[in-house]
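**Q** show me the folded form of this:
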Amino acid sequence: MFRTFFLRLVGLCLSITLLLGWGNPDAQAARLTGKYYEDSMTMIQTLRTVLSEGDPVMNPEEARAEAMEAIQEFSGRYHGQRYDKLQSFTTLRTVFNTLASQYRMSNRPLKPERMERVLMQLDRAEVALRREG
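**A** Numbers count the residues shown, from 1 in each chain. From the prediction side, this is the model:
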């Protein structure tokens, strides 16, 4: 009887903890809506903001960490055959791979020619999204 009560109490505490954690408006999962078009446009804007580094509030390390987190979240939600055939998805995946490899391997900023290429690919992804959507 005591064991059953204890297990129910632990289960209730765990449930409350999960609900409070998921209900947090500042949680990163709240960034994605589940709608591919909107989430892709949000990603493009986030990456442009991070790459421009025009935000005086964030230092470059925080911006890189935010970009990596956003890339991981987007890649975790959108994958598989359903998206592989979309030009916007393949272009975004190329951008993700470029940025992720740069941010994981060094603390240096992107070279100007690589930055220009990434921004061009973001433009292409945006055009492809408008065509697909």
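
**Q** state the distance from Arg130 to Arg77.
**A** The gap separating Arg130 from Arg77 is 21 Å, by Cβ to Cβ, to the nearest Å. Backbone N, C-alpha and C define where each C-beta goes, glycine included.

**Q** neighbour count winner among these two?
**A** Arg77 (14 against 11; other Cβ atoms under 10 Å).

**Q** what average pLDDT does the helix or strand hosting Arg48 get?
**A** Per DSSP states H and E, Arg48 falls inside helix 36-52. The average pLDDT within helix 36-52 is 88.

**Q** and what of stretch 110-126?
**A** Throughout stretch 110-126, pLDDT has a mean value of 91.

**Q** equivalent analysis for stretch 85-96, please.
**A** On average, stretch 85-96 scores 92.

**Q** and the gap between Arg124 and Val118?
**A** Arg124 is 11 Å from Val118, by Cβ to Cβ.

**Q** those two: who's more crowded?
**A** Val118 (19 against 16).

**Q** just want the angle from the helix or strand hosting that one to helix 36-52.
**A** Val118 belongs to helix 112-132 when assigned by DSSP H and E. If you take axes from the mean of the first three to the mean of the last three Cα atoms, to 10 degrees, helix 112-132 sits at 160 degrees to helix 36-52.
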